[in-house]
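Colleague: A predicted structure for the sequence below; I have some questions about it.
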Amino acid sequence: MEKLSKADLEKEEILNPEKAEKRRLRKRKARLMAAVTVVCVIFVVGTTGFMVVRAMGKNSIMSKGGGMEPAISTDVKVMDKVAQWQDGWIGYQDKIYEYNDDIMTFLIMGIDKKDKLETVENGGQKGQADAVFLVVMNPHNKKVDLIAVNRDTMADVEVYGQSGAYFGTVKAQIALQHAYGDGKDKSARLMEKAVSALLYQLPIHGYLAVNMDGIPTINDIIGGVEVECLQDLTAADPALSAGDTVRLEGETAFWYVKYRDTDVFESNRHRLERQAQYLQGFIEQARAAFKKDVTLPLTLFQKLSPYMTTDIKADEVTYLATTAASYAFSGEIHMLEGETRMGEVYEEFYPDEDALHQLVIDIFYEEVQQ
């Protein structure tokens, strides 16, 4: 294309206005095409980068499972009926099941400790895990299941002294396991190990422990959580009357998930029901908020960082946040069945082994069709 001087362009405007207009149109079209090309390049680079980060996050999460599966016993009578039995299958109630190794399972804990999470030297003084939940994401059916573990569940708890020396294991409430770490990652890893062992060495792909003081922060960032108050909690907060529909905000959210009357037998079971209800509402509210603002998960992590410890990394958060948007909550919160008994000092919860066995198979296994 010829390049005219300013004088020639002015001359063309006077002598041949139609040609001048065509020249202007060609210039505008060229500039528009250049702009579109730049935008497309930015989009491709950005999308590719995002997909790379997302893929890295998924690979990182799945690697934490270690290629393991729960140590579920099998019924040999079922094995005898199958001509070619395969490794990884289990027999249960005349059916064959296989572990779904695409499942992602995360341990969520609420720690009974004030202020920010800090590493503590003295053994047994790091706070107990008052809320213990497993969030299970199944990519095969795009469902999220919640499993609530009673904090008084009797389990093998590893005991450490103030110097960190290992003393062995005792049968105690699982919530105590957190207290024998360092108040942060070691405590969380000990809880992860204890919960995994309780559920037949179930693979867990990440943990998140939050001090209860962080509840108002995480609650308000997503816009609060609406619940129907399950019990009369006006002794803690006048807004929490039984049967009322309440949008939990600030300290009201804290008291809803934290308060219990220790003089009432099985008060922890009632609190666990509220915590499960709250977590269900939180997940739904968070999913809606994340759809409106894809940067919210990272903002949430930044705001919570003083109150939490986690082994879930930024690329894993990116993968989980974008993936969870397409998942639906199953609508059921799985509470461990069992019996609460009064111990010498504190309540003790003993899970029903048959029911626990069935729960693990129902959520983490798929039937093999013969």
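Modeller: Cool, the structure landed.

Colleague: with adjacent residues omitted, what lies nearest to T310?
Modeller: Sequence neighbours aside, L208 is the residue nearest to T310 in space, at 4.4 Å (criterion: Cβ to Cβ, 6 or more residues apart in numbering). Glycine gets a C-beta too; all of them are placed from N, C-alpha and C.

Colleague: same check, this time on A197
Modeller: Of all residues not flanking A197 in the chain, D156 sits nearest, at 6.4 Å (Cβ to Cβ, 6+ apart).

Colleague: low-confidence stretches in the stretch 251-370 of the chain?
Modeller: For the stretch 251-370 of the chain, applying pLDDT under 70 flags the ranges 330-331.

Colleague: quick one: the strands in it?
Modeller: Counting by DSSP state E, counting those that start in this stretch, the stretch 251-370 of the chain has these strands, from start to end: 308-310, 328-335, 338-342, 347-351, 365-367.

Colleague: out of the ones you listed, which gets nearest to A288?
Modeller: strand 328-335 (11.8 Å; Cβ to Cβ).

Colleague: now for that closest one, which elements pack on it?
Modeller: strand 143-149, helix 267-292 (3 or more Cβ pairs under 8 Å, 6 or more residues apart in numbering; DSSP states H and E).

Colleague: show the end-to-end separation of stretch 314-332, please.
Modeller: Taking Cα to Cα, to the nearest Å, stretch 314-332 runs 29 Å from one end to the other.

Colleague: helix, strand, or coil at G164?
Modeller: Assigned with DSSP: H, G, I helix; E, B strand; the rest coil, G164 falls in the coil class.

Colleague: contact partners for the residue nearest to G127 when sequence neighbours are not counted?
Modeller: Of all residues beyond its chain neighbours, the one nearest G127 is K113 (3.0 Å), with distances taken as Cβ to Cβ, 6+ apart. Contact partners of K113, counting by Cβ atoms under 8 Å, 6 or more residues apart in numbering, are K126, G127, G183, N211, M212, D213.

Colleague: what's the separation between K113 and Y256?
Modeller: For K113, the distance to Y256 equals 18 Å [Cβ to Cβ, to the nearest Å].

Colleague: name every strand pairing with the longest strand along the chain and say which way it goes.
Modeller: Using DSSP state E to define each element, the chain has its longest strand at strand 128-138. Neighbouring strands of strand 128-138 in its sheet, by DSSP bridges, are strand 104-112 (antiparallel), strand 143-149 (antiparallel).

Colleague: quick one: closest of these to L176.
Modeller: Closest among the strands paired with strand 128-138, using Cβ to Cβ: strand 104-112, at 10.8 Å.

Colleague: that older thread, now, of the helices and strands packed on strand 328-335, which is deepest in the fold?
Modeller: Most buried of the helices and strands packed on strand 328-335, by mean neighbour count (mean count of other Cβ atoms under 10 Å): strand 143-149, with a mean of 21.

Colleague: got phi/psi on E226?
Modeller: E226 has phi and psi values of phi -90, psi 130 when expressed as degrees, to the nearest 10.

Colleague: same question, the one 3 residues further on
Modeller: The phi and psi torsions at C229 (degrees, to the nearest 10) take the values phi -60, psi 120.

Colleague: OK, contacts around it?
Modeller: L240, S241, A242, G243, D244, T245, V246, Y256.

Colleague: make CSV out of the helices and strands packed on strand 328-335 and add distance to R189.
Modeller: What follows is the helices and strands packed on strand 328-335, written out as CSV (distance: least, Cβ to Cβ, whole Å):
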stretch, distance to R189
strand 143-149, 16
helix 267-292, 22
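
Colleague: which of the ones you listed sits closest to E228?
Modeller: Closest approach to E228 among the helices and strands packed on strand 328-335 is made by helix 267-292 (8.1 Å; Cβ to Cβ).

Colleague: what is that closest one packed up against?
Modeller: strand 128-138, strand 143-149, helix 215-221, strand 225-228, helix 251-258, helix 296-304, helix 314-324, strand 328-335.

Colleague: buried ones in stretch 354-369?
Modeller: L356, H357, L359, V360, I361, I363, F364, Y365, E366 (16 or more other Cβ atoms under 10 Å).

Colleague: correction: the previous question concerned stretch 127-147.
Modeller: Those would be 127-138, 143-147, for stretch 127-147 by 16+ other Cβ under 10 Å.

Colleague: again, but for stretch 163-175
Modeller: In stretch 163-175, counting by 16+ other Cβ under 10 Å, buried: A172, Q173, I174, A175.

Colleague: what's that stretch in contact with?
Modeller: With contact meaning Cβ under 8 Å, 6+ apart, stretch 163-175 is reached by 112, 123, 128-130, 132, 149, 151-161, 191, 194-195, 198, 346, 348-349.

Colleague: ok, which of the helices and strands packed on helix 267-292 comes nearest Y92?
Modeller: Per Cβ to Cβ, nearest to Y92 of the helices and strands packed on helix 267-292: strand 328-335, 17.6 Å.

Colleague: the closest one: how far from the chain's middle?
Modeller: Offset of strand 328-335 from its chain centre (Cα atoms, centre = their mean, to the nearest Å): 14 Å.

Colleague: swap in stretch 195-215?
Modeller: Chain-centre distance of stretch 195-215: 9 Å, with Cα atoms, centre = their mean.

Colleague: tell me how far the nearest residue to D130 once chain neighbours are set aside lies from V149.
Modeller: Closest residue in space to D130, ignoring its immediate chain neighbours: D112 at 4.2 Å, by Cβ to Cβ, 6+ apart. Applying Cβ to Cβ, the value for D112 to V149 is 15 Å.
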